[in-house]
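*Asks:* Sequence plus predicted model, see below.
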Amino acid sequence: MTDTNETERNRRRVLDGFTEFANGNVDILRTLLREDFIEHSPGNPSGRDAFVGFIAHAPLASARLELKRVIAEHWDVVQPVPDAAEIPHGMF
């Protein structure tokens, strides 16, 4: 398998998983995260089961999610998106 094929397979897996999660299937995270998952956000637990349990009860689980970009590394910013009038050049 070439690196390009593996990258595309992983990209598709993440996009499909994100879609499932955005539609309310929190358990999809159990198929996407390793058992020894490490979370770097302060206050969020590491470990797949602990993290999934945390996310299942976090506001994120019931939030409206909209994917803007797909990149190779995970990074998140937890902040509200202001009204467009407040940021004339856009947030993204």
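*Replies:* Okay, I see it. Residues are numbered from 1 along each chain as shown.

*Asks:* Give me the helices and strands touching the longest helix along the chain, please.
*Replies:* Across the chain, the longest stretch assigned as helix under DSSP state H is helix 3-22. If you count contacts as 3 or more C-beta pairs under 8 Å, 6 or more residues apart in numbering; DSSP states H and E, helix 3-22 packs onto helix 29-32. Yep, even glycine has a C-beta here, placed from its N, CA and C like the rest.

*Asks:* ok, residues contacting the helix it packs on?
*Replies:* 13-14, 17, 21, 48-49, 51-52, 55 (C-beta atoms under 8 Å, 6 or more residues apart in numbering).

*Asks:* With just CA atoms, put it into PDB.
*Replies:* Extracted C-alpha coordinates of helix 29-32, given in PDB (Å, rounded to 0.1, in the frame of the first residue of the first chain):
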ATOM      1  CA  LEU A  29     -15.100   7.300  19.000                       C
ATOM      2  CA  ARG A  30     -14.400   3.800  20.500                       C
ATOM      3  CA  THR A  31     -13.600   2.600  16.900                       C
ATOM      4  CA  LEU A  32     -11.500   5.600  16.100                       C
END
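
*Asks:* List the buried residues for that helix?
*Replies:* 29, 32 (16 or more other C-beta atoms under 10 Å).
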